[in-house]
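Asker: attaching a predicted model along with its sequence, questions to come.
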Amino acid sequence: MAKKTQRLTVAQATILFLQNQYVERDGKEQLFFGGCFGIFGHGNVAGIGQALLQYPSFPYFQSRNEQAMVHTAIAYAKMKNRIGALVCTTSIGPGATNMVTGAATATINRIPVLLLPGDIFAKRDVAPVLQQLESTWSQDISVNDCFKPVSRYWDRINRPEQLITALPEAMRVLTSPTETGAVTLCMPQDVQAEAFDFPVEFFAKRVWTIQRNRPDARALATALQTIKAARKPIIIAGGGVLYSEASKELTEFINRTGIPVMETFAGKGAVHYAEPLNLGAAGVTGTPGAIAAAAEADLVIGIGTRYSDFTTISESAFQNPNVRFININVTEFDAFKHAAIPLVGDAKAILQELLQSIRRYKVSDAYRAKQEREARKWDKVVNTVYKLNHPVPISQGEVIGAVNTLSNDKDVMVCAAGSLPGDLHKLWRTRNPKGFHLEYGYSCMGYEIAGGLGIKMADPSREVYVMVGDGSYLMMSQEIITAVQEQMKLIIVLINNNGYASIGGLSESLGTKGFGTRYEFRNKKTGQLDGGILPVDLAANAASMGATVIKAQTRKELEAALVQAKKNKNTTVVYIETDREQRVGGYAWWEVPVAEVSTHASVKSAYDKLKKNKAKQRIY
């Protein structure tokens with residue numbers, strides 16, 4: 001008996017398949033895709049564009065920049081704890097390659113995003129087409145090959161029947177906790193519009209189960225013995241705690257054992273900020289208590305962290321010569337880092353097993369009391385920064401304090417790059433697991449506003465505060481229009497410090513005097529960019545895109561603006577200038593190369609400091 005078929009174009013078959021994909025975890029089932037972002041041009045307008053028109057049940061969202069729509073999709077999936085995703089489609093050429101940065105951001109952060117870039121003609125009878133890259137050594141190449149190193153799965157659909165194997169494989173990767181990231185299916189524009197008799201069963205509802213894998217029993221037993229022998233253990237909580245939804249189990253574990261916890265950028269919010277054993281931020285941007293605890297730790301339990309150099313302080317954080325590591329991670333690649341005892345599996349499931357087995361183990365009363373004192377001490381520092389009363393322009397720490405204090409427990413703060421992430425990591429009091437959304441795996445400038453939109457789409461019930469500096473704002477601000485169009489209210493706190501404050505500070509620490517980091521006119525006498533601040537009106541720019549704009553100068557005005565922004569029904573930009581020289585102190589060393597020879601004494605001094613700090617590094 002012949003199989004039933006349905007004659008569809010490749011693009012139509014793609015959308016019909018995607019809208020029937022579901023995921024299930026812990027018995028809860030939900031639709032996986034929330035819709036498709038796209039900018040149409042030749043390469044997708046007659047294919048994917050026509051298919052989206054034909055299937056209005058698969059929502060289409062318009063964007064202003066291809067990179068931005070991938071950022072939105074990343075934030076959406078992150079907010080969904082990776083069990084929900086969006087699709088992004090583009091034309092060929094620059095429309096496609098604009099997504100490469102977004103693809104890298106997704107893959108580095110291990111967030112599922114499906115990319116459908118248009119591609120050149122598969123038939124090759126019309127070549128070169130507009131925007132086609134020609135090669136003298138192969139005709140089987142296009143600019144979409146740029147996606148290969150930044151995708152977790154890459155394919156090019158040159159024949160309609162290839163969809164039957166490519167789409168399920170794409171779903172396998174997208175829903176895999178260990179392999180997820182950007183998935184790129186390149187779509188030649190002629191193939192998108194080509195019809196084929198697809199098996200009807202291909203479009204049946206399919207549910208992908210997200211498993212909670214358990215660790216090897218012997219590895220777990222070894223880990224338990226190691227924990228029980230530890231005298232100064234610490235926990236580093238990464239993003240895996242949040243994706244696994246293991247905050248409750250982690251909180252119970254630290255309270256029962258007395259082991260203090262510190263959080264990475266991705267893991268901040270894993271434990272409520274007011275938990276007595278929460279030391280706060282880990283690593284380069286860490287609190288003094290967290291840095292000191294890491295330095296003396298004899299055991300580091302990493303949960304869902306990939307140990308970036310910001311977390312390890314460029315491999316100088318752990319100074320105890322006898323330090324050992326236990327890594328709880330769903331990805332084997334990360335579980336084995338630092339010669340650790342690897343507990344490969346789901347964070348929530350493993351913490352549940354540890355809780356059942358750890359029984360009476362506790363750290364000493366003295367050790368626990370010391371870490372609790374450090375946590376209280378830092379909380380007092382945060383209070384001081386929040387109430388600094390710096391003259392106009394006020395400090396960035398005060399801005400953070402005002403936003404944090406006037407936001408509700410359920411609200412979400414989003415940021416990505418510049419000087420804000422480090423200050424937020426140290427200062428933000430996170431009150432729920434999804435309240436702190438910081439993209440720092442790629443630290444991609446321009447992520448903030450697009451990311452805020454993705455968060456709001458994922459959970460419209462939450463107020464979303466986008467904290468963005470002028471540098472990132474100028475990189476990519478146009479998704480304000482998309483937020484206005486979709487009636488997705490954002491509160492955007494736009495901080496102007498007239499340049500790149502973060503890199504300016506880094507430049508000064510390297511002896512290069514903040515060169516090229518201020519937004520100033522070129523001085524005709526010196527030839528340098530030191531001729532006075534540029535007369536740019538970022539507030540007017542935001543207003544031109546449809547946002548309500550409130551300007552503030554003092555802290556009192558800022559607080560009033562934030563109260564009004566919360567009352568407003570539409571996207572509101574709160575604009576304020578800050579003193580870039582009034583920084584939050586206490587940052588640890590971070591390895592960045594310094595010129596080995598220079599005519600500047602400041603560079604020579606920085607190089608001497610580099611050599612001293614490198615002596616503290618350890619290779620595991």
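Answerer: Yep, it's here.

Asker: can we go C-alpha only for contacts and neighbour counts from here?
Answerer: Fine.

Asker: from residue 422, how far off is residue 503?
Answerer: 12 Å (Cα to Cα, to the nearest Å).

Asker: ok, these two, which is more surrounded?
Answerer: Counted by other Cα atoms under 10 Å, residue 503 and residue 422 do not tie: residue 422 has more neighbours, with 20 against 17.

Asker: my guess is residue 354 contacts residue 223. True?
Answerer: No: counting by Cα atoms under 8 Å, residue 354 stays clear of residue 223, with 9.2 Å between them.

Asker: and the two? Which one has more around it.
Answerer: Under the neighbour definition other Cα under 10 Å, residue 354 and residue 223 were set side by side, and residue 223 has more, 21 against 17.

Asker: residues in contact with the more buried one?
Answerer: Going by Cα atoms under 8 Å, 6 or more residues apart in numbering, residue 223 touches 326, 341.

Asker: so residue 195 makes contact with residue 13?
Answerer: No: contact criterion Cα under 8 Å: residue 195 and residue 13 do not qualify, at 9.2 Å.

Asker: please identify which of the two sits among more neighbours.
Answerer: Set residue 195 next to residue 13 and count neighbours by other Cα under 10 Å: residue 13 wins out with 24 against 16.

Asker: pull the distance from the helix or strand in which the more buried one is found to the chain's centre.
Answerer: Secondary structure from DSSP states H and E places residue 13 in helix 10-18. Relative to its parent chain, helix 10-18 has a centroid offset of 29 Å by Cα atoms, centre = their mean, to the nearest Å.

Asker: residue 146 - that's part of a helix, no?
Answerer: Yes: assessed by DSSP: H, G, I helix; E, B strand; the rest coil, residue 146 belongs to a helix.

Asker: that one - how many residues pack around it?
Answerer: Residue 146 has 13 nearby residues by other Cα under 10 Å.

Asker: ok, residue 538 next?
Answerer: So residue 538, with other Cα under 10 Å, has 16 neighbours.

Asker: quick one, what contacts it?
Answerer: The neighbourhood of residue 538, defined by Cα under 8 Å, 6+ apart, consists of residue 470.

Asker: distance of it relative to residue 68?
Answerer: 19 Å.

Asker: swap in residue 186?
Answerer: Distance, residue 186 to residue 68, by Cα to Cα: 19 Å.

Asker: let me see the domain layout of the protein.
Answerer: In terms of domains, the chain is parsed into 7-209, 217-377, 387-498+534-577 (source: automatic domain parsing).

Asker: now distance to residue 507 too, for these, in CSV please.
Answerer: Listed next are these as CSV, based on distance: least, Cα to Cα, whole Å:
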stretch, distance to residue 507
domain 7-209, 25
domain 217-377, 16
domain 387-498+534-577, 13
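
Asker: tell me which of these sits nearest to residue 590.
Answerer: domain 217-377 (5.8 Å; Cα to Cα).

Asker: so how far is the closest one off the chain centroid?
Answerer: Per Cα atoms, centre = their mean, the displacement of domain 217-377 from the mean C-alpha position of its chain is 21 Å.

Asker: over to stretch 479-496?
Answerer: Put simply, stretch 479-496 sits 19 Å off its chain's centre (Cα atoms, centre = their mean).

Asker: name the surrounding residues that touch that stretch.
Answerer: Applying Cα under 8 Å, 6+ apart, the contact partners of stretch 479-496 are 62-65, 68, 396, 449-450, 452-453, 456-457, 460, 463-470, 473, 542, 545-547, 565-566, 569-578.

Asker: what do you get for stretch 592-607?
Answerer: 509, 510, 511, 512, 610.

Asker: contact partners for the second one?
Answerer: Which is residue 510. The contact partners of residue 510, by Cα under 8 Å, 6+ apart, come to 594, 602, 603, 606, 607.

Asker: repeat for residue 51
Answerer: So residue 51 contacts 11, 12, 15 (Cα under 8 Å, 6+ apart).

Asker: just say helix, strand or coil for the spatially closest residue to residue 123 that is not a sequence neighbour.
Answerer: Leaving aside its sequence neighbours, residue 123 sits nearest to residue 190 (Cα to Cα, 6 or more residues apart in numbering; 7.6 Å). Following three-state DSSP, we place residue 190 in the helix state.

Asker: nearest to residue 86 among the contacts of residue 51?
Answerer: Relative to residue 86, the closest of the contacts of residue 51 is residue 15; by Cα to Cα it sits at 12.0 Å.

Asker: that closest one and residue 34, how far apart?
Answerer: Residue 15 sits at a distance of 12 Å from residue 34 (criterion: Cα to Cα).

Asker: and for residue 179?
Answerer: Relative to residue 34, residue 179 is positioned 21 Å away (criterion: Cα to Cα).

Asker: same question, residue 599
Answerer: Counting by Cα to Cα, the separation of residue 599 from residue 34 is 57 Å.

Asker: okay, these two: which has more neighbours?
Answerer: Counted by other Cα under 10 Å, residue 599 and residue 34 do not tie: residue 34 has more neighbours, with 20 against 7.

Asker: so who does the residue nearest to residue 123 touch?
Answerer: Residue 190 neighbours (Cα under 8 Å, 6+ apart): 120, 121, 122, 123.

Asker: just the helices in the stretch 351-500 of the chain please.
Answerer: For the stretch 351-500 of the chain, the helices defined by DSSP state H, counting those that start in this stretch cover 365-386, 396-406, 420-427, 447-458, 470-475, 479-485.

Asker: give me the buried entries from the contacts of residue 51.
Answerer: 11, 12, 15 (16 or more other Cα atoms under 10 Å).

Asker: including distance to residue 494 and pLDDT, could those go into a markdown table?
Answerer: Output for these, formatted as a markdown table (distance: Cα to Cα, whole Å; pLDDT from 0 to 100):
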| residue | distance to residue 494 | pLDDT |
| --- | --- | --- |
| 11 | 40 | 98 |
| 12 | 41 | 98 |
| 15 | 38 | 98 |
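
Asker: just those now: which is nearest residue 137?
Answerer: residue 11 (30.3 Å).

Asker: pretty sure the closest one contacts residue 48?
Answerer: Yes: the criterion here is Cα under 8 Å, and residue 11 meets it with residue 48 at 4.9 Å.

Asker: okay, and the common contacts of those two?
Answerer: In contact with both residue 11 and residue 48: residue 192, using Cα under 8 Å, 6+ apart.

Asker: residue 432: neighbour count?
Answerer: Counted with other Cα under 10 Å, the neighbours of residue 432 add up to 19.

Asker: residues touching it, list them.
Answerer: With contact taken as Cα under 8 Å, 6+ apart, residue 432 is in contact with 269, 270, 271, 272, 409, 410.

Asker: per-residue pLDDT of the third one, please?
Answerer: Read it as residue 271. With respect to pLDDT, residue 271 scores 98.
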